[in-house]
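Asker: My questions concern the predicted model and sequence given below.
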Amino acid sequence: MKSNRFDDIYEVVRLIPRGRVTSYGAIATYLGAKGGARLVGWAMNACHQDVTIPAHRVVNRIGMLTGKAFFGGNRMEELLQEEGVEVKNDKIVNFESHFWSPAEELLH
DNA sequence: CCCCTGACGGGCG
DNA sequence: TCGCCCGCCAGGG
């Protein structure tokens, strides 16, 4: 628990509604671009063992499931499909429709 | 202590 | 519109 900076990231990810998705960059921007989008991805990698964090709802800016490999098989894709998020070729269909912007929809 | 890489993103040619 | 390069921070070799 040395990385308290990541706690903010985890908190935001946990707040992503079911059936919605967001991007690494959106979270980074919402938190003031601390370290940029890469740190968000790094945080996801670090918290991967924490099942309370819906990391599968976080994709890159074009809606591609870049972290799919880290879930093993089609795990990430299946989780999204279960929530009603259509995935085609490792990419979210109608990404903008499912997109959840923490900056706009999450006002402390 | 230096160098490289990474679940990214924006800018430029 | 597509592709390359640079910047961002943290961790491992």
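Answerer: All right, it came through fine.
Asker: Neighbours of residue A:92, how many?
Answerer: A count of nearby residues for residue A:92, using other CB atoms under 10 Å, gives 21. Just so you know, the C-beta spots here come from the backbone N, C-alpha and C atoms, and that holds for glycine as well.
Asker: Could you tell me which residues of chain A lie near DNA strand B?
Answerer: Within chain A, the positions adjacent to DNA strand B are A:23-26, A:28, A:36-42, A:44-45, A:47-48, A:55-56, A:58, A:60-62, A:66-67, A:70-71, A:76 by CB under 7 Å from any atom of the strand.
Asker: Now the buried members of these.
Answerer: A:23-26, A:28, A:37, A:39-42, A:44, A:47, A:55-56, A:58, A:66-67, A:71, A:76 (16 or more other CB atoms under 10 Å).
Asker: Contact partners for residue A:47?
Answerer: Under the criterion of CB atoms under 8 Å, 6 or more residues apart in numbering, the neighbours of residue A:47 are A:6, A:10, A:53, A:55.
Asker: I'd like to know which of these is nearest to residue A:106.
Answerer: residue A:10 (14.0 Å; CB to CB).
Asker: Can you tell me the SS state at the closest one?
Answerer: Here residue A:10 is helix, with the state taken from DSSP: H, G, I helix; E, B strand; the rest coil.
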